[in-house]
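Visitor: quick check, what structure comes out for this input:
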Amino acid sequence: MSRTPAQSAALRSGIAVGVATAAYGISFGALATASGLDVWQACVLSLVMFSGGSQFALIGVLASGGTAAAGSAIAGAALLGSRNTFYALRLSRIIGPGLLKRAAAAPLTIDESTAVATAQTEPAAQRLGFWVTGITVYVGWNLMTLAGALLGNLIGDVRAYGLDAAAAAAFLGLLWPRLKARQTQAVAVAAGFVATILTPFLTPGLPVLAAAVVAIVVGVLNLFGTRGGPPSPEAIPMEREVEP
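Guide: The predicted structure is shown next:
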């Protein structure tokens, strides 16, 4: 069956975004083993959790605080992963009815698949973009996690190669394109300031949670936002947070 130009564009976008995102999995696998996880633990985490930002947050806290920081690590990862729930509300119309279809779509509802799907103008192209992107990222991310975990075991301490900065660099890369409106700029500055101030005094993970509370308060109260106006472009996911 021939595709429309919109469907062909969605297919190309889905594959391109999926492959580029999957490449980050190798950094996660290497960092996971450096944080104390076994190869199989890193792989199971990607298979089951499959939310890049949450996975990086989890191993980042575990690496700095060990098992004592497990509670903060889990809370931080869960908080980051909760955004996928809001994506699901928006994608419900695109996915369509059917329990099995929605169950299959649930783990693939991530930043990339949402961004590609909502960027399309035709319903068929939106559905194609979602499934192609989600499946490409899922398969590629898990393969790259395995490769990175094995590589991490072979090369030893990945910090010697600068891979320990990969997670922070990825988060910065995801955040930067969204800092266009005054509201998001205020959230970024306030959350970053709070996290920086509290880091020397709190156990690993807690400064991140405190910064998240600041972000929520600013967002709920709509501080620095335009009341009664249309939502800012940052409120509509049109780009990927490179985070499974």
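Visitor: could you say what helices and strands the helix of greatest length in the chain packs with?
Guide: In the chain, with assignment by DSSP state H, the single longest helix is helix 123-155. Applying 3 or more C-beta pairs under 8 Å, 6 or more residues apart in numbering; DSSP states H and E, we find helix 123-155 packed against helix 5-22, helix 25-34, helix 39-48, helix 83-95, helix 99-105, helix 111-119. All C-beta spots, glycine's among them, are computed from the backbone N, C-alpha and C.
Visitor: now that helix against helix 83-95, angle please.
Guide: For helix 123-155 against helix 83-95, the angle by axes from the mean of the first three to the mean of the last three C-alpha atoms, to 10 degrees is 140 degrees.
Visitor: still on that earlier bit, which of the helices and strands packed on helix 123-155 comes out lowest on mean pLDDT?
Guide: Confidence, taken as mean pLDDT, is least for helix 83-95 of those (a mean of 79).
Visitor: how about residues contacting that one?
Guide: With C-beta atoms under 8 Å, 6 or more residues apart in numbering as the contact definition, helix 83-95 has outside contacts at 51, 101-102, 105-106, 109-111, 113-114, 117-118, 123, 126-127, 130, 237.
Visitor: kindly report the same for stretch 9-22.
Guide: 3, 52, 112-113, 115-116, 119-120, 125-126, 128-137, 139-141, 143-144, 240, 242, 244.
Visitor: pull it out as CSV, backbone CA atoms only.
Guide: Output of stretch 9-22 as CSV, limited to C-alpha atoms (Å, rounded to 0.1, in the frame of the first residue of the first chain):
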residue,chain,number,x,y,z
ALA,A,9,7.7,12.1,6.3
ALA,A,10,6.5,10.6,9.5
LEU,A,11,8.3,7.3,8.8
ARG,A,12,11.6,9.1,8.0
SER,A,13,11.3,11.3,11.1
GLY,A,14,10.5,8.3,13.3
ILE,A,15,13.5,6.3,12.2
ALA,A,16,15.9,9.2,12.4
VAL,A,17,14.7,10.2,15.9
GLY,A,18,14.7,6.6,17.0
VAL,A,19,18.2,5.8,15.9
ALA,A,20,19.6,9.0,17.3
THR,A,21,17.9,8.5,20.6
ALA,A,22,18.9,4.8,20.8
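Visitor: the closest residue to Gly18 other than its chain neighbours: neighbour count?
Guide: Nearest residue to Gly18, sequence neighbours excluded (C-beta to C-beta, 6 or more residues apart in numbering): Thr136, at 2.7 Å. Close neighbours of Thr136, defined as other C-beta atoms under 10 Å, add up to 23.
Visitor: which residues touch Thr136?
Guide: Taking C-beta under 8 Å, 6+ apart, one finds Gly14, Ile15, Val17, Gly18, Val19, Ala22 in contact with Thr136.
Visitor: now do it, the pLDDT please.
Guide: Listed pLDDT for Thr136 reads 93.
Visitor: gap between it and Pro207?
Guide: Going from Thr136 to Pro207 by C-beta to C-beta, to the nearest Å gives 34 Å.
Visitor: ditto for Arg127
Guide: Using C-beta to C-beta, Arg127 is found at 40 Å from Pro207.
Visitor: who has more neighbours, those two?
Guide: The residue with more neighbours, out of Arg127 and Pro207, is Pro207; 22 against 19, by other C-beta under 10 Å.
Visitor: right, and the more buried one touches Leu198 too?
Guide: Yes. Here Pro207 reaches Leu198: they are 4.2 Å apart, a contact under C-beta atoms under 8 Å.
Visitor: shaky segments in the protein?
Guide: 1, 60-84, 153-181, 202-206, 208, 219-244 (pLDDT under 70).
Visitor: which of the contacts of Thr136 lies closest to Gln183?
Guide: Val17 (26.0 Å; C-beta to C-beta).
Visitor: let me know how buried that closest one is, in neighbour terms.
Guide: Neighbours around Val17, by other C-beta under 10 Å: 24.
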